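> task: produce atomic coordinates for the following.
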Amino acid sequence: MVLQIVPATIAQEKHFGDVHAKGMQSAIGRKAGKPRAGIAAVVGKELRRASHKAGQFFVRLPCRLNGSRKTMRVTFADSTGK
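As a prediction, the model looks like this:
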């Protein structure tokens, strides 16, 4: 099932190019005094992230191999508290 809000909460600029001739400005901005991270910092961060993901994979590997990982449907109480 696909749901859509009408009217849309966000519209692409290409659909409103005539209305906004100068283009829509981003509401997300960088902090003025904060410089970008250097390449060494970015590489270090990505290596730590990859190391963490690899560690999580190996921690969960035994459960995946022996089939002890189970999925189940969780039923929630309705609004009456039953």
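
> could I get the full set of helices for the protein?
Residue ranges of the helices in the chain, as given by DSSP state H, are 39-66.

> so where's it shaky on pLDDT?
Residues of the chain meeting the criterion pLDDT under 70: 9, 11-27, 30-32, 69, 77-82.

> let's see 90
Counting by pLDDT under 90, the chain has low-confidence residues at 1-37, 59-82.

> state the distance from K45 to V59.
21 Å (C-beta to C-beta, to the nearest Å). All C-beta spots, glycine's among them, are computed from the backbone N, C-alpha and C.

> pull the number of nearby residues for I28.
Neighbouring residues of I28 were enumerated by other C-beta atoms under 10 Å; the total is 5.

> give me the number of residues near G67?
With other C-beta under 10 Å as criterion, G67 counts 7.

> and it, how far from V59?
From G67 across to V59, the span is 17 Å (C-beta to C-beta).

> could you do V2 as well?
Separation of V2 from V59 (C-beta to C-beta) stands at 36 Å.

> ditto for G38
32 Å.

> then P7?
Counting by C-beta to C-beta, the gap from P7 to V59 is 47 Å.

> which of the two has more neighbours?
Ranked by neighbour count (other C-beta under 10 Å), P7 and V59 place V59 first, with 9 against 6.

> and the more buried one, what does it touch?
Neighbour list for V59: empty [criterion: C-beta atoms under 8 Å, 6 or more residues apart in numbering].

> what about A54, how many residues nearby?
With neighbours defined by other C-beta under 10 Å, the count for A54 comes to 10.

> now do it against R60, distance only.
11 Å.

> now swap in G44 and tell me
Distance from G44 to R60, counting by C-beta to C-beta: 25 Å.

> please apply the same query to M1.
For M1, the distance to R60 - C-beta to C-beta - is 31 Å.

> quick one, which of these two is more surrounded?
Each of M1 and R60 has its neighbours counted (other C-beta under 10 Å); R60 has more, 11 against 2.

> measure that one to K53 for me?
11 Å.

> for L3, same thing?
32 Å.

> which one of the two has more residues nearby?
K53 (9 against 4).
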